[in-house]
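Student: My questions are about this predicted structure, shown below with the sequence.
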Amino acid sequence: MKKAFFIFLFSSLFTLISCNKEINTPIKLQGFVFGTSYNIIYYDVGISFEEEIIQLFEDINNSISTYIPTSDISRINSGDSGVIVDTYFKEVFSKSERIFKETNGYFDPTVGNLVNAWGFGPEKPLNNLDSSSVKDLMKFVGFDKVKIENNQVNKKYSETYFDFNSIGKGYGLDIIARFLESKKIKNYLIEIGGEVRVKGTKPEGKIWTVQLENPNTDGTRSAYTYLQLTNSSMASSGNYRKFRMAPTGEKYVHTINPKTGFALESNLLAATVIAELDCADVDAYATAFMAMGLEKTVKFLEAKPYLKVVLIYVNEAGNLAEFRN
C-alpha cells in the first residue's frame, strides 16, 4: 500500500546557512530507496555517513521488502517456514500487531494477497475479481492468525501474505534516525517518499517546515498547506493519485480495506498524521485512517489526543473539506 500524499521540502532547507561547516552547514544526502526518493539533512557534524546509511537501507530491504524475491518476507510469503527473522522483521511485526489491535483490524499487513489481487502489489493481479474471490482471499487475512515463535513466523494459513509497505517506509526512516542519533546528531530532517521525521531545528532555532500537497487527481501538483515540525514524525496516505479504473467505470484505490477486502474509495481523500512517535507508527495510523473513512477516524482520535491530523475529505455537498484536531 504505497503512499500518494507527497511532501515537498522547501528549497531553503538545502541552502547553506554559513561558512561554519561543523555547525551551520548541513550535510545533505539524496537518493532512491523503497521505490521512492529520500532526502536527509543534518547538522552538528561535518561527516557524511552515506555508505553506512545505504547499507542500513539494504539490510531493511533484505528483511521486509516484498519486491526482493530473496528477502525474508518474500521467502515467508512463498511458504518457507524455516526463515529465522531478524530484529527489523520482529520490530515491524510487533508494531503491526499492536496497531492492528488498536485499530480493530483496520491496519493489517496480512492483507497482501488482496493488495496483489487488486493490482497494487508485486504479484500478478487476478482477472475478474468478484465478491466470491474476495471472500476466498479474506480467509487468509488477519494479524491474529500469525505469530512469531523462536524467531520464526507461524502462520495459521500458509497462503497468508505479508505486506509491510504501509509501515516499511516509516520504519526505515526510524532506523536512519536512530543511527544519526547514535552519532550525536541532534538536528536533522529525514524524508522518504513523503514520510518525515525531524529532531531539533535548523541553525538559529529555525523550525523545519514542510509543504503538504493538494489532493489533485489530474496529475498536477500544488501547495495545500504548510506545517512546522519539531521532534516529531509525520506520515501521509491518500487515494487520489494511485488508483485504477475498471472497465465498468468503477474506481479501485490502493488502500485495501482489510475488513472487507475491497479497494473502494471512501469519503476520506488524504490523511496526514503527526506525533512524537516513531514514524512507523504514524505511517501505520495514516493507512488505517484511509480504510476507516472520516467518521470512524474522528471517533478513534478521541482516545488518542497525542495524534494530530490533517484529514482532507469530500463533504455532503461534494466539496473538499478539512478536519484538524
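Tutor: Noted; the coordinates are in hand. Numbers count the residues shown, from 1 in each chain.

Student: residue ranges of the helices in the chain, please?
Tutor: 50-64, 72-77, 87-102, 112-117, 131-138, 165-182, 279-292, 294-301 (DSSP state H).

Student: Point out the most buried one among those.
Tutor: Greatest average neighbour count among those goes to helix 279-292 (a mean of 29), per mean count of other CB atoms under 10 Å. Every C-beta, even on glycine, is put in place using the N, C-alpha and C of the backbone.

Student: For that one, which helices and strands make contact with it?
Tutor: Helix 279-292 sits against helix 87-102, helix 165-182, strand 195-199, strand 232-238, strand 268-275, helix 294-301, with contacts defined as 3 or more CB pairs under 8 Å, 6 or more residues apart in numbering; DSSP states H and E.

Student: what would the ones you listed look like in a markdown table with mean pLDDT and distance to N116?
Tutor: Output for the helices and strands packed on helix 279-292, formatted as a markdown table (pLDDT from 0 to 100; distance: least, CB to CB, whole Å):
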| stretch | mean pLDDT | distance to N116 |
| --- | --- | --- |
| helix 87-102 | 98 | 18 |
| helix 165-182 | 97 | 11 |
| strand 195-199 | 97 | 23 |
| strand 232-238 | 93 | 19 |
| strand 268-275 | 93 | 23 |
| helix 294-301 | 96 | 26 |
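
Student: and of those, who's closest to K308?
Tutor: Taking CB to CB, strand 268-275 is the member of the helices and strands packed on helix 279-292 nearest to K308, at 4.4 Å.

Student: Next, the angle helix 279-292 makes with the closest one.
Tutor: Interaxial angle of strand 268-275 relative to helix 279-292 (axes from the mean of the first three to the mean of the last three CA atoms, to 10 degrees): 150 degrees.

Student: In the sheet, which strands lie alongside strand 268-275, parallel or antiparallel?
Tutor: Strand 268-275 pairs in its sheet with strand 232-238 (antiparallel), strand 308-314 (antiparallel), by DSSP bridges.

Student: Send me it as CSV with only the CA atoms.
Tutor: C-alpha atoms of strand 268-275 as CSV (Å, rounded to 0.1, in the frame of the first residue of the first chain):
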residue,chain,number,x,y,z
LEU,A,268,-11.5,10.4,3.0
LEU,A,269,-9.1,11.5,0.3
ALA,A,270,-5.9,12.0,2.3
ALA,A,271,-4.8,11.6,5.9
THR,A,272,-1.7,13.1,7.4
VAL,A,273,-0.7,12.1,11.0
ILE,A,274,1.8,13.9,13.2
ALA,A,275,3.0,12.8,16.6
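
Student: Same question for that strand: list its buried residues.
Tutor: Residues of strand 268-275 classed as buried: 268-275 (neighbour count, 16 or more other CB atoms under 10 Å).

Student: Could you single out the nearest of the residues you listed to G112?
Tutor: A271 (21.0 Å).

Student: okay but M138 is in contact with G261, surely?
Tutor: Yes - counting by CB atoms under 8 Å, M138 does reach G261; the two are 4.6 Å apart.

Student: list residues touching both of those two?
Tutor: Shared contacts of M138 and G261, defined by CB atoms under 8 Å, 6 or more residues apart in numbering, are found at L114.

Student: so where's this structure uncertain?
Tutor: Where the chain drops to pLDDT under 70, the residues are 1-23, 215-223, 239-254, 264-265.

Student: one more time with 50, if that's ok
Tutor: Where the chain drops to pLDDT under 50, the residues are 1-21, 241-249, 251-253.

Student: got the contact list for S65?
Tutor: Taking CB under 8 Å, 6+ apart, we find S65 in contact with 34, 71, 73-74, 168.

Student: picking that back up, right, so the strands paired with strand 268-275: which one is the most enclosed?
Tutor: strand 232-238 (a mean of 26).

Student: Can you give the distance of stretch 177-185 from its chain's centre?
Tutor: Offset of stretch 177-185 from its chain centre (CA atoms, centre = their mean, to the nearest Å): 21 Å.

Student: that older thread, what two of the buried residues of strand 268-275 are the furthest from one another?
Tutor: Farthest pair in these, by CB to CB: L269 and A275, 20.9 Å.
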